[in-house]
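Trainee: the sequence and its predicted three-dimensional model are supplied below.
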Amino acid sequence: PVAWGYEGDIGPCNWHKYFPKAGGKRQSPIDIDTSATQYDGSFKPLRIHYDSHMCSSLTNNGHTFCMSVNSDQCNLSGGPLEDKYRLLQFHCHWGSDDTKGSEHTVDGHQYAAELHLVHWNTDKFKSADEAIEKNQGIAVLTAFIKAGKEHRGWNHVLSHFKDIKKVQGTSTVNEDFNPKCLLPENQTDYWTYEGSLTTPPCHESVRFIIFKEVVEVSSEQLAQFRSLCVCSSRKRDTGEDEHLVDNFRPIQPLNGRVVKASFQ
Ligand SMILES: NS(=O)(=O)c1ccc(S(=O)(=O)NCc2cccs2)s1
Ligand SMILES: [Zn+2]
């Protein structure tokens, strides 16, 4: 597999050389210009049904932490979606300090981090690997994160981080944890548009649903995101571990796409 990253020769400006989709016309992330969004009154209520008795495993894949979920009881439908989608995994993007880290921006404002709950279309496709490449294959529920008060729900995830500090580290999460607790209270106000995976291979298969309400976590919790290491071997010339930070892709051209809003 081709190595890619967020800085230097393997960074986002060169992804298109090995991952041609990265140069496509409906790429993500984007800036949400709230003065140009269009209210769509036709959206049905979002239906987010997750159960908490799902055994999931947490991995450091070198680009982010990834909580993979293998429950057919975690489903998403409604809102702008025509089909039923099943939760595959969730992960985040964050910065080297609290002033940057989100992938999408709102009126040019970048948040400290961004949560992606990745779902695949089980009505149209037989597997996630098939859905990942197809239009309407993927739906990503997205919440912005800012530094503020501590978030108790996030501690269920962060308590496993010592086991995945190194890349390819994996930890099994058995406790009663429902990822729905990571979403904002207001789940009726969101923006939505058609885009892509924000990492290679950047397939243009994603419907993003981005909540307007921002979730707060403490600065100390954000610092725990940054405690993950990029790779087991590579050391800085100071012998220091290289920490996983600034794993966000720059914003991409809108190319005429319209961002819809579920609220006026
Ligand atoms: N940042 S994001 O939510 O847009 C995502 C990027 C990659 C995602 S994935 O879950 O599809 N894993 C990568 C792949 C698995 C199988 C083939 S590619 S989700
Ligand atoms: Zn993501």
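Mentor: Received, thanks. Numbers count the residues shown, from 1 in each chain. Ligands and ions are numbered 1, 2, ... in the order given.

Trainee: and the next element down the chain from the strand or helix carrying residue 15?
Mentor: Assessed by DSSP states H and E, residue 15 sits inside helix 15-18. Next helix or strand after helix 15-18 toward the C-terminus (DSSP H and E): strand 31-32.

Trainee: if you count neighbours, what's buried in the helix holding residue 15?
Mentor: residue 15 (16 or more other Cβ atoms under 10 Å). Placement of C-beta: from N, CA and C, glycine included.

Trainee: contact residues of this structure facing ligand 1?
Mentor: Selection of the chain residues close to ligand 1 by Cβ under 6 Å from any ligand atom yields 88, 89, 116, 118, 129, 132, 140, 197, 198, 199, 201, 206.

Trainee: nearest to residue 21 among the residues you listed?
Mentor: Checking the residues of the chain next to ligand 1 against residue 21 with Cβ to Cβ, the nearest one is residue 201 at 5.8 Å.

Trainee: what is the burial count for that closest one?
Mentor: Using other Cβ atoms under 10 Å, residue 201 has 17 other residues around it.

Trainee: just residue 177 next, same as before
Mentor: When counting by other Cβ under 10 Å, one arrives at 18 neighbours for residue 177.

Trainee: how about the closest residue to it other than its chain neighbours, what does it touch?
Mentor: Nearest residue to residue 177, sequence neighbours excluded (Cβ to Cβ, 6 or more residues apart in numbering): residue 156, at 4.6 Å. Applying Cβ atoms under 8 Å, 6 or more residues apart in numbering, we find residue 156 in contact with 173, 175, 177.

Trainee: tell me which residue is most central in the chain.
Mentor: What sits nearest the mean C-alpha location of the chain, by Cα atoms, centre = their mean, is residue 116, with 2.4 Å.

Trainee: what distance do you get for the residue nearest to it when sequence neighbours are not counted to residue 169?
Mentor: Nearest residue to residue 116 in three dimensions, chain neighbours excluded: residue 140, at 5.0 Å (Cβ to Cβ, 6+ apart). Distance of residue 140 to residue 169, given as Cβ to Cβ, to the nearest Å: 24 Å.
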